[in-house]
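**Student:** model this:
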Amino acid sequence: MVPVRAGGDMLGMLAVGLEQGVDAEGRLRALEHGSTVLALELAKERAAAEVERRLRGDLVEEVLAGGLETEEAERVARQAERLGHRLPQRAWVVVLEADDDKTEAALAARGQQDRLDGALSGLVRSRLPGTLTLVRSASAVFLVPDELASDLASVEKLGAQILAAAAPVMKPGSASVGIGNLANGVAELARSHVEARQALRLTRRAGSRAHVASYRSLGAFRLLLEVQSPDALRRFVNELLGPLLEYAQNRDTPLLETLEALSAARWIRRAAARQLGIHINSMTYRVERIQTLTGLKLDDPETRVAISIALRARAMLGM
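**Tutor:** Below is the predicted model of the structure:
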């Protein structure tokens, strides 16, 4: 048994069974010859797979760049067919990304792209046939035809399977999956890609990890992404939450966290108190303190909506 190498890369192991009576020199020649032949074949297969992956990746990159005219879209579709893929006319864009910069940097090490591609390839063959993929060292993009996932619930299940397949490669870090809205044509794939990444960005800033997030699940808060001026959002946050932001710098009582818990608990004080692990009397004191500092009335429905929007905008801006 001998290792099979191509340069510094370990491609596998070769075991050769020989009849009794073959001398040691004959065994050695057989092993060397077999190892050389196998190394050449494996290297050719690897090179062909790498070329196919690069061409496929370039194709997906071009589609996601957007701005394709009709003739350009037809050209890209023909390229996809030559690679054995059908460019979907209706598809979901699913994005896998590392959850933090540390994990992304660790996965940028040599060989990690092959590991991630290997971890995902079996799932693509069995569960996502016909899906165009682009795999990088710490991320991947999938163009999932709507025949494989007719609704958001179905594509979210596929997203969870993608996350599970990638998890061993991401350790000790983690990754999350973002899903854009259904693209009704090649020209909309770039838009869906942006939406998937925005869903990832917002959920990550909200503290979620190893999570499947869809753009549609952002609900009304996705309108914040359409605001062109971050300064306008920042002013809005400061107008509502400014006193609490200042208070958080100099006091131990977590009033901002209390407000976030109330918003998440649909403004039910007992539920928010349980979430924070405090007594209802402590919750009442905190609510009164928030109202005194901000001048806001937390029982007012419009105020509650404004606060919820401000909290989400704060997370989006990283304030």
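**Student:** May I see the buried residues of stretch 264-280?
**Tutor:** Of all the residues in stretch 264-280, those buried under the rule 16 or more other CB atoms under 10 Å are 265, 267, 269, 272-273, 275-276, 278. Glycine gets a C-beta too; all of them are placed from N, C-alpha and C.
**Student:** Residue 189: which of these is nearest?
**Tutor:** residue 265 (38.0 Å; CB to CB).
**Student:** contacting residues for that closest one?
**Tutor:** Residue 265 makes contact with 271-272, 275, according to CB atoms under 8 Å, 6 or more residues apart in numbering.
**Student:** Let's see which of those end up in helices.
**Tutor:** Among the contacts of residue 265, the members falling in helices are 271-272, 275 (criterion: DSSP state H).
**Student:** Put together TSV for those, with pLDDT and distance to residue 183 on each row.
**Tutor:** What follows is these, written out as TSV (pLDDT from 0 to 100; distance: CB to CB, whole Å):
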residue	pLDDT	distance to residue 183
271	92	38
272	92	39
275	91	37
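**Student:** And those, which is closest to residue 33?
**Tutor:** Out of the ones in helices among the contacts of residue 265, the one with the shortest distance to residue 33 is residue 275. That distance is 68.5 Å, counting by CB to CB.
**Student:** if I look at the closest one, how far off is residue 248?
**Tutor:** Plainly put, residue 275 is 18 Å away from residue 248 if you go by CB to CB, to the nearest Å.
**Student:** same deal with residue 268?
**Tutor:** In this structure, residue 268 and residue 248 are 23 Å apart, going by CB to CB.
**Student:** again, but for residue 177
**Tutor:** For residue 177, the distance to residue 248 (CB to CB) stands at 32 Å.
**Student:** More neighbours: which of these two?
**Tutor:** With other CB atoms under 10 Å as the criterion, residue 177 and residue 248 differ in neighbour count, and residue 177 comes out ahead with 28 against 15.
**Student:** Can you tell me the SS state at that one?
**Tutor:** Here residue 177 is recorded as strand under DSSP: H, G, I helix; E, B strand; the rest coil.
**Student:** right, and it touches residue 210 too?
**Tutor:** No. Distance between residue 177 and residue 210: 9.2 Å, which falls outside the contact criterion (CB atoms under 8 Å).
**Student:** Need the residues touching each of these two.
**Tutor:** Residues within reach of residue 177 and of residue 210 at once, by CB under 8 Å, 6+ apart, are residue 163.
**Student:** Got the domain ranges for the chain?
**Tutor:** 2-52, 85-225, 230-317 (automatic domain parsing).
**Student:** Mean neighbour count, those: which tops it?
**Tutor:** Per-residue neighbour counts averaged over each of the domains of the chain give the maximum for domain 85-225, namely a mean of 19 (mean count of other CB atoms under 10 Å).
**Student:** now the helices: where do they sit in this protein?
**Tutor:** For the chain, helices defined by DSSP H occupy the ranges 24-65, 70-82, 101-107, 112-127, 152-170, 189-205, 230-250, 255-264, 269-276, 280-294, 301-317.
**Student:** Just put those in a markdown table and tack on distance to residue 218.
**Tutor:** Shown next, in a markdown table, are those (distance: least, CB to CB, whole Å):
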| stretch | distance to residue 218 |
| --- | --- |
| helix 24-65 | 20 |
| helix 70-82 | 28 |
| helix 101-107 | 23 |
| helix 112-127 | 26 |
| helix 152-170 | 12 |
| helix 189-205 | 6 |
| helix 230-250 | 15 |
| helix 255-264 | 15 |
| helix 269-276 | 21 |
| helix 280-294 | 25 |
| helix 301-317 | 9 |
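**Student:** Among these, which comes closest to residue 224?
**Tutor:** The closest approach between residue 224 and any of these, judged by CB to CB, belongs to helix 301-317 at 5.4 Å.
**Student:** For that closest one, list the C-alpha coordinates in CSV.
**Tutor:** Output in CSV follows, covering the C-alpha atoms of helix 301-317 (Å, rounded to 0.1, in the frame of the first residue of the first chain):
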residue,chain,number,x,y,z
PRO,A,301,-50.1,51.5,19.7
GLU,A,302,-48.4,54.0,17.3
THR,A,303,-45.5,54.5,19.7
ARG,A,304,-45.0,50.7,19.9
VAL,A,305,-44.8,50.5,16.1
ALA,A,306,-42.3,53.4,16.0
ILE,A,307,-40.2,51.8,18.7
SER,A,308,-40.1,48.4,17.0
ILE,A,309,-39.0,50.1,13.8
ALA,A,310,-36.3,52.1,15.6
LEU,A,311,-35.0,49.0,17.3
ARG,A,312,-34.7,47.1,14.0
ALA,A,313,-33.1,50.2,12.4
ARG,A,314,-30.6,50.3,15.2
ALA,A,315,-29.6,46.7,14.7
MET,A,316,-29.3,47.3,10.9
LEU,A,317,-27.1,50.4,11.4
